[in-house]
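> Okay, predicted coordinates and the sequence, questions at the end:
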Amino acid sequence: MVDEQWDKDMLTGKTGPMEGKGGAEAVKKDAMLWGRAGHLTEEQADVYEKFKNEVAARDNPDFTSTIYSFGEEEGEVWALLRWCRARKFVYDDIIKMVEEATECRKEAKSNDFYRDPKEALGCDMALYMAQFPQVYSGYAKNGVPLFFSKPAKMNVDALDAVTTLMGIIKFHWFYMMHDFGDRLRHQKADREGFHRFECAIVMDLSGLSVTQLGSRTLAVVKEQSFIDSLCFPETMNCMVLLNAPSFFSATWSIIKGFIDARTAGKVDVISSRKKGEKRLLEIADAEQLPSDYFGTGPSTEETLQAASPGDMKRLTSEMMYVRGSGSYKTEVEEGEEVEVFIWTRSSYGGKFSIVDQDKASTKVYAPEVEVKHVKLTEDMSENPTSKSLTPTGRIVGPASIKVKADSNGGRFASEKFLVQVCVYDKST
């Protein structure tokens, strides 16, 4: 193991690095110290020792790797105590949780936790993230990665058009094990004394409405939350809910009364911009915060665009709801060129072409092609259909283009299509 062995006296703060820090008594003043190394009660230390001995006795690589979610770099005491805290030091519950998590992650582990995000999703990661903006950006003052999420900007129709629920789950395994995990391991290697394999979450609720919390949205959140709570316990360092709408603030006030003080103490619900700025700058230095969240670092949009594959400069997308006909307009700037794709699950399909925005112009940038999804199953477990509108070459700027759509479903049904525009610097 990477870290030193902690005996019972060290765990309770009588000796070792936490000596003189108050031991278990310090928890009375700071609930966040509960279950932490150096602040355990005698009983908690006994449970930890029993758990540690069981791990050694089993000598089971799958059981052990489940506990060390992000690798043994985390260190024995820090990894094992995460599981102990998650089940409040009830030994039988701890063992049961690890066994259930081992089973839950079995298939993902056999696939190396889907190291290739495009293969997991069935589309480029940048396209997926454009429909569900979530990104790691910077580090908090205590060294944990900062994670920014914008649930109000989740476009469920667009997600359906480019991937599947299983694809989202596979990507979540990738994001936790390879992206988040790499950040934690990097901090462990480069930052002396870094032990908290945790994350500071900033969730921007700006624009969130009750109607957005539909069954499809909640299905995505539910699946991700289930994996996190079972397989990555105690990895939330803190959570800041920014721009909280009134309905959410009122709901949180009720929920807060039913959860333990330690969990409630990790969450801040903030509606005021001034208070939000103050809280984020308490958590992280300005250079670590994105410019759109009171910092001087790259904006979350810049970070999301940086996920664009290869030499792609940026990616834009737009949902089209076509009843009869419709169009999407965009500009191709001087020195740039674009590729255009259509994604859909529409079994009726439609015909698409790219023309000049000027009605007086007869210029056609891409001739008409049909895009249609052939259903193999009645559910949405199969990947959607995508087709390039520019297979023979990119459209070179400057150009004002219009993607024209004519639905095969006529005017009696609104068919859903996603337009993807990939922007590159002009080839020399």
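Thanks, I have it.
> Tell me, what's the model's pLDDT at the residue located most distally from the centre of the chain?
Distance from the centre of the chain peaks at A360, with 45.7 Å (Cα atoms, centre = their mean). On pLDDT, A360 comes in at 92.
> for T428, same thing?
For T428, the predicted pLDDT is 66.
> where along the protein do the strands fall?
134-139, 145-149, 199-204, 236-242, 267-269, 314-322, 325-332, 336-344, 350-356, 364-371, 385-388, 395-396, 399-407, 415-425 (DSSP state E).
> For I169, give its distance to K153.
Distance from I169 to K153, counting by Cβ to Cβ, to the nearest Å: 20 Å. All C-beta atoms are positioned from the backbone trio N, CA, C, and that covers glycine.
> Next: T392.
Look at T392 and K153: by Cβ to Cβ, they are 34 Å apart.
> Please verify my assumption that P133 contacts S299.
No: at 11.3 Å, P133 does not count as touching S299 under the criterion of Cβ atoms under 8 Å.
> For these two, work out which one has more neighbours and name it.
P133 (19 against 14; other Cβ atoms under 10 Å).
> need the contact list for that one.
148-150, 153-154, 300, 304 (Cβ atoms under 8 Å, 6 or more residues apart in numbering).
> quick one: which two of the residues you listed are the most distant?
M154 and T300 (14.2 Å; Cβ to Cβ).
> can you pull the buried residues of stretch 33-49?
Residues of stretch 33-49 classed as buried by neighbour count (16 or more other Cβ atoms under 10 Å): 33-41, 44-45, 47-48.
> Between its first and last residues, what's the separation in it?
19 Å (Cα to Cα, to the nearest Å).
> what's the burial count for the residue nearest to G71 when sequence neighbours are not counted?
Spatially, and ignoring its direct neighbours in sequence, G71 is nearest to R185 (6.2 Å; Cβ to Cβ, 6 or more residues apart in numbering). Around R185 there are 15 other residues, counting by other Cβ under 10 Å.
> Tell me how far R185 lies from M177.
Relative to M177, and taking Cβ to Cβ, R185 is found at 11 Å.
> per-residue confidence for A261?
Confidence score, pLDDT, at A261: 67.
> Please say which of M154 and T300 ends up with more neighbours.
T300 (22 against 19).
> Spit out the contact partners of that one.
Contacts of T300 by Cβ under 8 Å, 6+ apart are 133, 135, 137, 148, 150, 290, 292-293.
> who's in contact with G297?
G297 makes contact with 137-138, 286-291, according to Cβ under 8 Å, 6+ apart.
> Which strand residues bridge it?
G297 forms beta bridges with P290, as assigned by DSSP bridges.
> Relative to Y348, how far out is it?
For G297, the distance to Y348 - Cβ to Cβ - is 45 Å.
> Equivalent analysis for M125, please.
With distances taken as Cβ to Cβ, M125 is found 29 Å from Y348.
> Thought K141 was touching L289, still the case?
No: applying Cβ under 8 Å, one finds L289 not in contact with K141, separated by 11.0 Å.
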